[in-house]
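Colleague: What shape does this take:
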Amino acid sequence: MVADLLKHWKGRLSDGSWVHLKMWDTGGRDWRGQTIISYQLRHKGKIVFLGSDFAGSPMNCDDSRETVGSLLLFLSLRPGETDKEFFENYTADQLVWVREHGEWLSLLAHQMLGEL
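Modeller: Residues are numbered from 1 along each chain as shown. Just a heads-up that it's a prediction; the model follows:
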């Protein structure tokens with residue numbers, strides 16, 4: 001079974017490079033009945049994050065700006081912003097990436113959500 005591509009979003013980071021986020025409908029549902037979304041965040045040709053553990057708000061469509069922004073906020077979290085256990089499965093490269101680019105990714109997400 002091929003998953004349906006929900007969204008391909010790209011944004012420019014502070015260093016001028018592009019980050020690409022792709023989101024797919026897994027066909028699964030969470031405990032609220034929300035679509036479980038697979039995602040891939042790429043930067044400079046490398047996969048930074050790959051997962052199938054995100055579900056948006058029941059208030060928004062799966063491919064909406066709000067859902068994309070919420071996922072970007074989730075991926076932009078940095079050590080010190082949430083419990084240290086959140087980062088237990090992060091690789092060293094992922095930790096370096098969020099320390100270098102997480103703040104800017106968060107800014108892009110907040111702009112997308114109309115909060116700035």
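Colleague: average pLDDT across the helix ranked longest in the chain?
Modeller: Criterion DSSP state H: the longest helix present in the chain is helix 92-112. Averaging pLDDT along helix 92-112 yields 96.
Colleague: Can you mark which positions in that helix are buried?
Modeller: 97-98, 101-102, 104-109, 112 (16 or more other Cβ atoms under 10 Å). For glycine as for every other residue, the C-beta is placed from the backbone atoms N, C-alpha and C.
Colleague: so what secondary structure elements neighbour that helix?
Modeller: For helix 92-112, the elements it packs on are strand 46-54, helix 65-76, judged by 3 or more Cβ pairs under 8 Å, 6 or more residues apart in numbering; DSSP states H and E.
Colleague: can you do 6 Å?
Modeller: helix 65-76 (3 or more Cβ pairs under 6 Å, 6 or more residues apart in numbering; DSSP states H and E).
Colleague: Average pLDDT for the helix it packs on, rounded please.
Modeller: Rounded mean pLDDT across helix 65-76 is 96.
Colleague: starting at the chain centroid, how far to that helix?
Modeller: From the chain centre to the centre of helix 65-76 is a distance of 5 Å (Cα atoms, centre = their mean, to the nearest Å).
Colleague: buried sites along that helix?
Modeller: 67-76.
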